[in-house]
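Asks: sequence first, then the predicted structure, then my questions.
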Amino acid sequence: MRRLPLVGLVAALTLTCCGAASAAAHDEPRTSYAKGRSQPVKDPVYPAYGNPSIDVLHYGLKLAWRPERRSLAGTATLTVRAVKPIKEVRLDFGRALKIDRVTVGGERARPRRKGDDLTIPLPATLAADKKVRLVVRYHGVPKPHSSGQLRPDLARLGLRSAADGSAWALQEPFGAFTWFPVNDHPSDEALYDVAITVPKGWAGVAHGTYKGKSVRGRAVTYRWKSTDPVASYLTLFTVDKYRMHRAKGPRGIPITYWVRPGDRWALPTVRRMPELIRWMEKKAGRYPFPSAGLVATSDSGMETQQMITLGGPYLTPEVVLHELAHHWFGNSVGPRTWKDVWLNEGFAMYFQIQWSADHGPGTMDSLMADLRRQERLVRAEAGPPGDYRRDYFAASNVYYSPALMLHEIRKRIGDDRFFAMTRAWAQEHRHTSQDRASFTAWINEHTGEDLTELIDAWLDSRTSPES
């Protein structure tokens, strides 16, 4: 096959990313994207991110990554619903990326930028519940966001890249805005279509279900689709010299593994995902998504939706199980605001410990006793999990304390009722956002017992509750 010169590759990447967007942009939104409908709220912990006056129903992202320049070109097509009458749409969008063109319903718009905010004026007031299509074309070298968090792996959030041209995104509680314009808050979940164009020899991996690739000259485009709602912190962009491996989970669920040649040592652990999904299904019911996967990146780890993201040292069965548990607790049933991140981490931590007890030398009670000793220290340092210090996001208090709370509930109601509860919570609330009030009300009704005092003590007390 004839090789294109470098200029041909650049043109192919650009055309594949941006060429088809302009014609489609002139159409008003014709698809309802009903499954992407949310009720966004303002965040009490990080109020600078997200916009509760809009509900993004769908993101169409066409992205091109140039490894030699570590640069990104993108076309983002957003279908936006007005929660209340609005005259403009404010989105989170990284200042490092340059805007080439913005259209609203096919007409050119003149956006305003301030810091990491992008404000797009509308030609007329958009009534509540009406929709509009926005198209933003942009390019640049993404820069991660300095978050001010004390946890080392969260000090910089968003898309980062390495000298070899690889790139990956880590963005909890926020940071998706460093690579696409977004309503960056967990209460606004949306549907996604993502296409990542890279040079041959590289692969682009995103959240959702892998829909195949196409080749144009020396450029390859990888396509991904999310038909269930996704919170922005659970989105994924990563480019590296991945090799894809396929497997099947329960009921034939397609699984893809994306592993670099240097990480092949981890394949025996990675290939245990079908076994781990089956184990989780006994505790939480049917796997909530149409596909699953794992990508080995250069960073720590994240439960990105339908595609676990893990760095090499974290590729262990216990950590894979933890991130898989999030697909039920966090991805499918997510927190309405960051006040309730414990809803994610408490359940995932609990099932990680249960898996260790089932497959290791320790018992559940002995492992929980060890956890209780550690929990006292982290609660004193980072605050109670229901009211943690904002610079201590995802410290161990939101893992250990609610896991211990769940164990106390288990001891009170017994094993059978406890695991019936975990299955019912995950299955009855599939693809919804929940909070502490809804969890407490539901578990009291489901168990027939008033567990409010126990829950409040574990989430609010400045010192560890006694058994």
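Replies: All right, it came through fine. Residues are numbered from 1 along each chain as shown.
Asks: by contact count, what packs against the helix or strand in which residue 132 is found?
Replies: Assigned by DSSP states H and E, residue 132 belongs to strand 131-140. Using 3 or more Cβ pairs under 8 Å, 6 or more residues apart in numbering; DSSP states H and E, the elements in contact with strand 131-140 are helix 21-25, strand 71-82, strand 97-104, strand 117-126. Placement of C-beta: from N, CA and C, glycine included.
Asks: could you report the neighbour count for the residue lying closest to residue 59 once chain neighbours are set aside?
Replies: Counting by Cβ to Cβ, 6 or more residues apart in numbering, residue 59 lies nearest to residue 192, which is 5.0 Å off, once chain neighbours are set aside. Using other Cβ atoms under 10 Å, residue 192 has 24 neighbouring residues.
Asks: in terms of contact, does residue 192 touch residue 223 like I think?
Replies: No: judged on Cβ atoms under 8 Å, residue 192 makes no contact with residue 223 at a distance of 11.0 Å.
Asks: so what sits opposite the residue nearest to residue 59 in the bridge?
Replies: On the basis of DSSP bridges, residue 192 is bridged to residue 59, residue 226.
Asks: the strand holding residue 132: which residues count as buried?
Replies: Neighbour-count burial for strand 131-140, counted by 16 or more other Cβ atoms under 10 Å, picks out 131, 132, 133, 134, 135, 136, 137, 138, 139, 140.
Asks: check which element follows that strand along the chain.
Replies: Immediately after strand 131-140, counting by DSSP H and E, sits strand 145-146.
Asks: list the contacts of that following strand.
Replies: With contact meaning Cβ atoms under 8 Å, 6 or more residues apart in numbering, strand 145-146 is reached by 94, 116, 155, 156, 157, 158, 174, 175, 177, 178.
Asks: could you check the distance from the fifth one over to residue 398?
Replies: Counting by Cβ to Cβ, to the nearest Å, the separation of residue 157 from residue 398 is 17 Å.
Asks: so which of these two has more stuff around it?
Replies: Taking other Cβ under 10 Å, residue 157 and residue 398 do not tie; residue 398 has more neighbours (28 against 25).
Asks: which strands and helices lie in contact with the helix or strand hosting that one?
Replies: Counting by DSSP H and E, the secondary-structure element that holds residue 398 is helix 397-413. Helices and strands touching helix 397-413, by 3+ Cβ pairs under 8 Å, 6+ apart, are helix 342-359, helix 364-382, helix 415-428, helix 452-460.
Asks: let's have those helices in JSON lines, adding distance to residue 443 and mean neighbour count.
Replies: Formatted as JSON lines, the helices and strands packed on helix 397-413 follow (distance: least, Cβ to Cβ, whole Å; neighbours: other Cβ atoms under 10 Å):
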{"stretch": "helix 342-359", "distance to residue 443": "12", "mean neighbour count": "22"}
{"stretch": "helix 364-382", "distance to residue 443": "19", "mean neighbour count": "16"}
{"stretch": "helix 415-428", "distance to residue 443": "7", "mean neighbour count": "16"}
{"stretch": "helix 452-460", "distance to residue 443": "8", "mean neighbour count": "17"}
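Asks: just to revisit the earlier point, so which of the helices and strands packed on strand 131-140 gets nearest residue 243?
Replies: Across the helices and strands packed on strand 131-140, residue 243 has its closest neighbour in strand 71-82 (23.0 Å, Cβ to Cβ).
Asks: hmm, who's touching the helix or strand following the closest one?
Replies: Going down the chain from strand 71-82, the next helix or strand is strand 86-92, by DSSP H and E. Here strand 86-92 makes contact (Cβ under 8 Å, 6+ apart) with 49-51, 53-54, 78, 80, 116-122, 125-126, 132, 134, 174, 176-177, 181-184.
Asks: equivalent analysis for stretch 435-447, please.
Replies: Here stretch 435-447 has contacts from 335-337, 339-340, 343, 386, 409, 413, 417, 421, 424-425, 428-429, 450-452, 455, 459, using Cβ under 8 Å, 6+ apart.
Asks: could you report the pLDDT at the nearest residue to residue 203 once chain neighbours are set aside?
Replies: Excluding the flanking residues, the one nearest residue 203 by Cβ to Cβ, 6+ apart is residue 242, at 4.1 Å. Among the per-residue scores, residue 242 shows a pLDDT of 98.
Asks: spatially nearest residue to residue 287, not counting backbone neighbours?
Replies: residue 277 (5.6 Å).
Asks: who are the neighbours in contact with that neighbour?
Replies: Shown in contact with residue 277 (Cβ under 8 Å, 6+ apart): 249, 250, 253, 287, 292, 324.
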